[in-house]
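Q: Sharing a sequence plus its predicted fold:
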Amino acid sequence: MRVCLLSLVVAMSVLSGCGGGAPDGPRMYPVTGTLTVGDKPLADINVQLIPADVSPKSMISSGKTDASGRFAVVGTNGQKGAVPGKYKVVLARAGSAAPSSPASHGQDGGPPRQDASLPFPKEYSDLATSPRTVDVSNQAITLDLKL
């Protein structure tokens, strides 16, 4: 009985740190901005910040652009912002598969499928080819993507 109780206490302690809402979770910093192509705002685009270096504290943050091209990112833990670190910026149509998911690749696992009607340069839709990076440090970031 003591072993079961001890196991339950340990499991609860471990899980309490994984919810993202805990005060001792990773510090998040606001990342907001606008996405435009040729001075035209792009709506319904997911702006994804994907960690360039994987660490125990790294997580993807993303936000969807509104009609004015504005966005604010939220981490996978549900908190607004991103943890400090270097990120690749990847764009996707709202509702499309994430760039690292199998659904975004060809049936043979080859290169990602490209949508010829993308409203932004297609290199931004792939983690391997996106030319844009952003460093999130201990302050709010405004990321204006003018493509």
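A: Cool, got the structure. In this text the structure is predicted, and so the values were computed from the model without any measurement. Numbering: from 1, shown residues only.
Q: Could you count how many residues lie near the residue lying closest to Asp44 once chain neighbours are set aside?
A: Nearest residue to Asp44 in three dimensions, chain neighbours excluded: Ala94, at 4.2 Å (Cβ to Cβ, 6 or more residues apart in numbering). Using the backbone N, CA and C atoms, a C-beta is placed for each residue, glycine as well. Residues near Ala94, counting by other Cβ atoms under 10 Å, number 10.
Q: isn't Ala94 right up against Leu42?
A: No. Ala94 is beyond contact range of Leu42, at 10.4 Å (criterion: Cβ atoms under 8 Å).
Q: Tell me where the protein has helices.
A: With DSSP state H as the criterion, the chain has helices at 2-16.
Q: quick one: low-confidence ranges for it?
A: 1-25, 96-116 (pLDDT under 70).
Q: 90 instead, please
A: 1-26, 53-58, 94-118, 138, 141, 143, 147 (pLDDT under 90).
Q: any idea which strand is longest in it?
A: strand 85-93 (DSSP state E).
Q: Let's see it as CSV, backbone CA atoms only.
A: Below are the C-alpha coordinates for strand 85-93, written out as CSV (Å, rounded to 0.1, in the frame of the first residue of the first chain):
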residue,chain,number,x,y,z
GLY,A,85,15.5,30.5,-28.0
LYS,A,86,16.1,30.5,-31.7
TYR,A,87,13.3,29.6,-34.0
LYS,A,88,12.6,28.9,-37.7
VAL,A,89,9.5,30.7,-39.0
VAL,A,90,7.3,28.4,-41.0
LEU,A,91,4.0,29.4,-42.6
ALA,A,92,1.0,27.3,-43.4
ARG,A,93,-2.6,27.8,-44.5
